[in-house]
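Participant: I'd like to go over a predicted model; first the sequence, then the structure.
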Amino acid sequence: MALVAGMRVGSRVLFRPWAWLPGAALGRKESAARGRVGARGFGSQRVLVEPDPAAGIAVMKLKSPPVNSLSLELLTEFVISLEKLENDKTFRGIILTSDCPGVFSAGLDLMEMCGKNPAHYAEYWKAVQELWLRLYLSNLVLIAAINGACPAGGCLISLTCDYRVLADNPKYVIGLNETLLGIVAPFWFKDTLVNTIGHRTSERALQLGILFPPAEALQVGMVDKVVPEDQVQSTALSVMAQWLSIPDHARQLTKNMMRKATADRLVKQRDSDIQNFVGFISRDSIQKSLQVYLGKLRQKKG
Ligand SMILES: CCCC/C=C/CC(=O)SCCNC(=O)CCNC(=O)[C@H](O)C(C)(C)COP(=O)(O)OP(=O)(O)OC[C@H]1O[C@@H](n2cnc3c(N)ncnc32)[C@H](O)[C@@H]1OP(=O)(O)O
């Protein structure tokens, strides 16, 4: 089957935003050899990867200042780094964290959703879907070391992880606050939240767009542990050791059993989900809401 920018994984065809990159046309073996991560750090402009091959883990740091908003570039680099680690059998786990002080990720980049054309919105949404699918179905153990504010798409990323450690700082709120922007979290954002904190708590959190401070986030189960800020990394490492003590095949099959149905819901309707997004985000009223929200963010400083 000829796939120009798609890769078949099981029954899924995954988008390959990097298909144009040098080396993309290499044979699998050669490509894997070149792509092997080794002991030295690698990464890209916006995603730093610090591998520890002896421990079988890597720390992945988002570095897109000032707030790690998920631009098309960041999404693309994120997926590329993730795939490199997934394809290198040395690695069994990733600790996902931020290199931007005080912010884990500000979520989707509002500039990607404002004043652009439908083709751009479609490309952007496909990249958002792709990152979610890759993270949600990752065979690796993913631990989120949340060292900053974590709204909306930032929260979604952390919810795809197997475990969340949050720094105890009242500014580090976490949640799906889309309604506060006048937009609606799509069904797969909602499903990811429901799978984590249950239906009733999700309904309240989603309708009200609640951004939970650490103690409340812990209480509702949005995060698994709250620790002093200087212990986030070490806690993530010790949690990782515990998860890696489980045989991979058993843990991976169990993870897949728990998550596949949720992921399949999106896989089956990716195109219509893109069309829904493009139609929704292109509305004048939604564009206006986003502009107002951006204006408030900017005013905050003045
Ligand atoms: C329609 C279908 C559903 C679509 C789903 C969408 C999900 C999303 O993820 S929407 C994005 C929601 N994100 C937010 O609501 C977070 C907004 N940002 C903040 O609350 C704060 O920036 C912060 C708490 C994350 C950090 O606060 P801090 O005081 O450190 O920084 P700021 O001065 O607020 O921001 C610095 C700079 O960055 C710009 N910015 C912030 N967030 C975003 C963003 N998500 N996209 C693009 N740009 C963002 C902010 O405007 C400032 O820009 P200027 O320096 O130019 O003023």
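Facilitator: On my side now, so go ahead. Numbering: from 1, shown residues only.

Participant: Just give the number of residues close to the nearest residue to residue 170 once chain neighbours are set aside.
Facilitator: What sits nearest to residue 170 in space, not counting adjacent residues and going by Cβ to Cβ, 6 or more residues apart in numbering, is residue 213, at 5.2 Å. Every residue, glycine included, has its C-beta placed from N, CA and C. The number of residues packed around residue 213, counting by other Cβ atoms under 10 Å, is 18.

Participant: contacting residues for residue 213?
Facilitator: When the contact criterion is Cβ atoms under 8 Å, 6 or more residues apart in numbering, the partners of residue 213 are 170, 172-173.

Participant: Show me what from the stretch 51-200 of the chain comes close to the ligand.
Facilitator: Near the ligand, the residues belonging to the stretch 51-200 of the chain are 66-67, 69, 102-103, 106-111, 149, 151-153, 177-178, 181, 183-186 when assessed by Cβ under 6 Å from any ligand atom.

Participant: I'd like the distance between residue 141 and the ligand.
Facilitator: Applying Cβ to the nearest ligand atom, to the nearest Å, one obtains 25 Å for the distance of residue 141 from the ligand.

Participant: typed the wrong thing, it's residue 76
Facilitator: Between residue 76 and the ligand the computed distance is 16 Å (Cβ to the nearest ligand atom).

Participant: who does the host helix or strand of that residue touch, helix- and strand-wise?
Facilitator: Residue 76 is part of helix 72-87 when elements are defined by DSSP states H and E. In terms of contact count using 3 or more Cβ pairs under 8 Å, 6 or more residues apart in numbering; DSSP states H and E, helix 72-87 is assigned the packing partners helix 28-35, strand 42-43, strand 47-52, strand 57-62, helix 118-136.

Participant: What strands line up against the following helix or strand past that helix, and which way round?
Facilitator: Proceeding N to C from helix 72-87, the next assigned helix or strand is strand 93-98, under DSSP H and E. Here strand 93-98 is paired, per DSSP bridges, with strand 57-62 (parallel), strand 141-146 (parallel).

Participant: Check those for me and report the most buried one.
Facilitator: Using mean count of other Cβ atoms under 10 Å, the stretch among the strands paired with strand 93-98 with the greatest mean number of neighbours is strand 141-146 (a mean of 27).
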